[in-house]
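Q: Predicted structure and sequence below. I'll ask about it afterward.
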Amino acid sequence: MNAPFQGAMSSLRALTLALVRDACRERGSPALARDESAGVLGRLRLAPPESEAVLVEVAARFRLTDGELLAAALCLGAETDPSVARLIAAAQTPVGGSRPLAGFAATLFADFGLDCVVLLSGTARRIGLLRFGGEDAPLTERSLQMPPEIVAALSGGRLEPEGVEMLAAPPTALPGSLLAEAGKRAASLAGAHGPSILILRSPCAREGEALAAAVAAALGLVCADMGDKHPADHCGWLAATGSLPLLRRSLGPGERSRIDPPGAYEGPIIVLAGSEGLIEAPMPIHEWHVAIPGEEERSDLWQAAGLDRTEAERAARTYRQGAGRIAEIAERMRACDSADPGQRLADAVDSGAGQLDMLARRSRARVERQDLVIPAELGDALDLLVDRIRLRNRLADDLGSALKARYRPGVRALFTGESGTGKTLAAHWLARRTGLPIYRVDLASMTSKWIGETEKNLSAVLDAAQHADVVLFFDEADSLFGARTDVGDSNDRFANAQTNYLLQRIEEFDGVAILATNSRDRFDPAFVRRLDSILEFPMPDAAARRALWHAHLGSSHEVGEEGIDALSVAVDLAGGHIRNITLSASVRARRERRPLGLCDVAAATCEEYAKLGRSPPALPEC
C-alpha cells in the first residue's frame, strides 16, 4: 500500500468517499486496489477513530459483514455531512438523490461481499441500522437510509425511537440489601450466554423502576422503557446507546404473557411485573420477588426522608412499607406545612395511597375507644389484635425454625356478629390505634360474572394495599370467601376454583385485612385456619344498650334517665339500629325546633321495627 493512500485513510468515511470517487473516476483520484482497501478496513476495525468507535463496536457485536459496515458508514456520512451527500448525489446522477441507492452501494462495495439481497436480508437491516426508503421502485433503485435515532447514537447524541422512552424513574432511596441484590442480579445477567430475562416482581412500580435502574447501572447501561415495542425492533439502537430494554407486564391470576424471541439482540431484558401471572419466553428467565426491607433499613430510609432517629424508628415499627412507598410519603411530607415531623408524617400518610384510591374507598371516620360499647372480653381481644399488628414485623424473632420457615407478617381477622353490633366501628378504631389508614373494599366492584375477573380485581386490591400498608376492610366478606359447594355443574366447579384462589391469596397477603360478616357459618371451614383472630360481636344486653343510648343521645335531650332505662330494657336492638332511631328522632325534634324527647324516640323506634318487619315493643307513654 502506498504511503499517501495509507495516511489518508484514517476513517471509514474517508475510505467510503475514496471508493465513491474511484467509482466516479474523478481526475486526480488514485485507483484503489482491492487488497489496499481491505487492509485499511481491517486496520480501522481494530483501531477506529473516536468518532466511529460506536459504529465499529456495533458492527463487531452483531458480526456485520465488511460490505454492511461500509454501507452504514456511507449512509451515516450522507446524514451528517452535506459534502458527502452532494458527492453521492453527483455520483448517482441522474437516477438517485443524496442518499445512496441500494444498487449503487452494492456496486460500490461488491468486492466486500455486498449485494442488494444482503442489504435486504442482512443483519444491518434486521437490527435497524439501515432501512430501505419507501420509493415505488425496483430494489436496486430504492434509497438506503439510516434512522435518525441511530444517526444520533452513532454521532454521540441520544434520540429515542418512536414509542420508546428513557426510564424516568423518580428519585427513590434504596436500602443496602436491595442494592446488593441488584448487583448480584446484574452479575448473573452479565454471565449469561445469549439473551436472558430478569422479572422484577414488586407491587410498587416506583420501586421496581428504581431497582431496574440499579441493575442497569451495575451493568454499565441505562434503562430504556420499550412501551409496546420489542427489543428485536431496535437491536442496533440499544447497542449503540448502551441501553437495557425494560418491558412492562400487568397480569392477573391465571393470565400469561409470552415474550417473543429478541432477534439479534443478545443482552439482558428486564420485565416489571406484579405478583400474579406467568411470563414465558424462549430464553432463560430469572425472577426476583422484591422483599420489603427490614425494620432497621426502613428506619434508615425514614431518616433519609427527613425524620429524626426517634421518629424514624417509630415510623419503621408502625408502617411495614417498601422503599417506593417511603419515597412517595417523603415527597408528600416536604409539601406539608406542619413544623412537627410526626404530624407531617401522619398528614402525608393520610393524604392517600396512590393506586389503592382507585380500587377501594378511603374512610376517614375517627372512632375513639369510648365510641365502642362492647363487652370487656371483646375489648381485650381487640387490644390483643392491635398489638399483633404492631408487633408483626418482629413476631417471629427468637422463635423456632419451623415457625420462621413459613411466617408471613400479614394479619387477617374476622369480625362476626349481627348487623349493627359494632364491627365497622371496631375496624375504624383499630386502624386509628395502629396509625394505619383504612380502606373499605367495594365488593360489588370486585365480583364479576366473567371467569377470572373477580380474582384479578382482588389481586390488584391486595397488591396495592400491601404496598401502601393500610387496613383493608371487607364488609359482608362471606360474599367473596363463602363456603365451597358440591360440584353439580361447571358453574359450581368455577365457583369452587375461585374460592380456592381467594383463600390462598388472602393467606399470602402480607398486609392487614379485616373481614366482617353477619354469620360465621357462611365461611368455608378451611378459611378459619387462615385467620389470625376471630372476634364475636354479640348483641348488646340491657346494660350495653343503656350505654349505647347515652352515647347516641348525648346531653341535649329531654328523654330522661327513666326513659333511657325503659328504652334499654324494651328495645332489643343493636347499636346500628339505635343510631338510626336517634337520627330519625332528631329530625322530628329539629323540625319543630324543640329538644329531642321520648315521644320522638318512641315514634322513630316504631319505624325502625317496621323496617325490620317486627312488631314494636311497648314503650312508656309520653
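A: Right, received. Where do you want to start? These figures come from a predicted structure and were not determined experimentally.

Q: so how far is the strand or helix carrying residue 235 from its chain's centroid?
A: When elements are defined using DSSP states H and E, residue 235 is found to belong to helix 235-241. Using C-alpha atoms, centre = their mean, to the nearest Å, the distance from the centre of helix 235-241 to the centre of the chain it belongs to is 27 Å.

Q: Contacts for it, please.
A: With contacts defined as C-beta atoms under 8 Å, 6 or more residues apart in numbering, helix 235-241 is touched by 54-55, 57-58, 61-62, 124, 126-129, 147, 149-150, 153-154, 158, 161, 164, 222, 224, 231, 243-245, 262-265, 267. Using the backbone N, CA and C atoms, a C-beta is placed for each residue, glycine as well.

Q: any idea of the mean pLDDT for that helix?
A: Looking at helix 235-241 alone, the average pLDDT works out to 95.

Q: Run me through the strand neighbours of the very next helix or strand once past it, direction for each.
A: Once the chain leaves helix 235-241, the next helix or strand it forms, by DSSP H and E, is strand 243-249. Strand pairing for strand 243-249, using DSSP bridges, gives strand 222-225 (parallel), strand 268-273 (parallel).

Q: Show me where the stretch 1-150 of the chain has its strands.
A: Assigned by DSSP state E, counting those that start in this stretch, the strands in the stretch 1-150 of the chain fall at 131-132, 144-145.

Q: One more: the stretch 401-550 of the chain?
A: Shown for the stretch 401-550 of the chain, the strands assigned by DSSP E, counting those that start in this stretch span residues 411-417, 438-440, 471-474, 512-517, 533-537.

Q: try the stretch 251-400 of the chain
A: For the stretch 251-400 of the chain, the strands defined by DSSP E, counting those that start in this stretch cover 256-258, 268-273, 278-280, 285-289, 361-363.

Q: quick check: angle from the second one to strand 285-289?
A: What that stands for is strand 268-273. An angle of 40 degrees separates the directions of strand 268-273 and strand 285-289 when computed by axes from the mean of the first three to the mean of the last three C-alpha atoms, to 10 degrees.

Q: what's in contact with strand 268-273?
A: 189-190, 192, 195-202, 205, 208-209, 212, 215-216, 219, 223, 231, 244-251, 259, 262, 279.

Q: ok, now with 7 Å
A: Counting contacts by C-beta atoms under 7 Å, 6 or more residues apart in numbering, the residues outside strand 268-273 that touch it are 189, 195-201, 205, 208-209, 212, 215, 223, 231, 244-249, 251, 262, 279.

Q: cool, and the third one?
A: Outside of strand 278-280, the residues within contact range by C-beta under 7 Å, 6+ apart are 199, 249, 256, 257, 258, 259, 271, 273, 285.

Q: Out of the residues you listed, flag the one nearest to residue 468.
A: The shortest approach to residue 468 among the contacts of strand 278-280 belongs to residue 273, at 18.8 Å (C-beta to C-beta).

Q: end to end, how far does stretch 96-112 reach?
A: The first residue of stretch 96-112 is 22 Å away from its last residue (C-alpha to C-alpha, to the nearest Å).

Q: and residue 144, how many neighbours does it have?
A: Using other C-beta atoms under 10 Å as the criterion, residue 144 is surrounded by 24 other residues.

Q: Many thanks, I have nothing further to ask.
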